[in-house]
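**Q** Using only what follows, build the 3D model:
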Amino acid sequence: MSIEIPAGRYALDPVHSSLQFSARFVAARVRGTFGGLSGALEIADDLAKSSVQVQIDLTTLSTGVGARDDHLRSADYFDTANHPVATFASTGVVEDGDRFLLAGDLTIRGATRPVELEVRFTGDGEDHTGAFRVGFTASGRVSRSAFGVNGNVSATGGPLLVGDTTEITLELQAVRES
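**A** Numbering: from 1, shown residues only. Got it, this is the predicted structure:
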């Protein structure tokens, strides 16, 4: 089964795109978002030759709790004073049935590590202004400690309070450039 996605260069629409994350904290999950996304998608006729570049403004982090957000932006975690942007650059795309496996390099706090995202095409069409749009959902897991995001206080001899694995989901919409 081959998915038909119209070829072209697309600019990420930051108003209609978001990155959600969740990580374990003690016995439950904390969820949040990064609202500041930008980037481009190059959809090739041969989807294996397509590419994606995304920039994530880490200062836009929001969990709904101001003090927690400030702590996550601090040097204990993302250190946004010195590393305000994270980047993702794809290195390969493989079609797998009704989904894609998107490999790429994720850079956070100056550390670059390979990650793989499962991507699903969610549709395309013209909006009310005549602009042509495509949509995707991507998800995966990353080890925050692999990027130097290590803040983690534990009780003496107790378990770590914040889990290392962070689940991420991106909802992306992009507009074809003329």
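**Q** Pull out the buried residues from the worst-scoring helix or strand of the chain on mean pLDDT.
**A** Scoring the helices and strands of the chain by mean pLDDT, DSSP states H and E places strand 18-25 at the bottom, with a mean of 86. Using 16 or more other C-beta atoms under 10 Å as the test for burial, strand 18-25 gives Ser18, Leu19, Phe21, Ser22, Ala23, Arg24. The way it works is simple: take the backbone N, C-alpha and C, and place the C-beta from them, glycine included.
**Q** Pull the residues that contact stretch 68-76.
**A** 30, 32, 58-59, 61-63, 77-82, 150-151 (C-beta atoms under 8 Å, 6 or more residues apart in numbering).
**Q** Share the number of residues neighbouring Asp69, please.
**A** Neighbour count of Asp69, defined by other C-beta atoms under 10 Å: 16.
**Q** actually Ile168, not the one I typed
**A** A total of 19 residues lie near Ile168 under the criterion other C-beta under 10 Å.
**Q** Check the one 3 residues further on too.
**A** Around Glu171 sit 16 other residues, with neighbours defined as other C-beta under 10 Å.
**Q** now the chain, which segments are flagged as low pLDDT?
**A** Applying pLDDT under 70 to the chain picks out residues 1-2, 27, 151-161.
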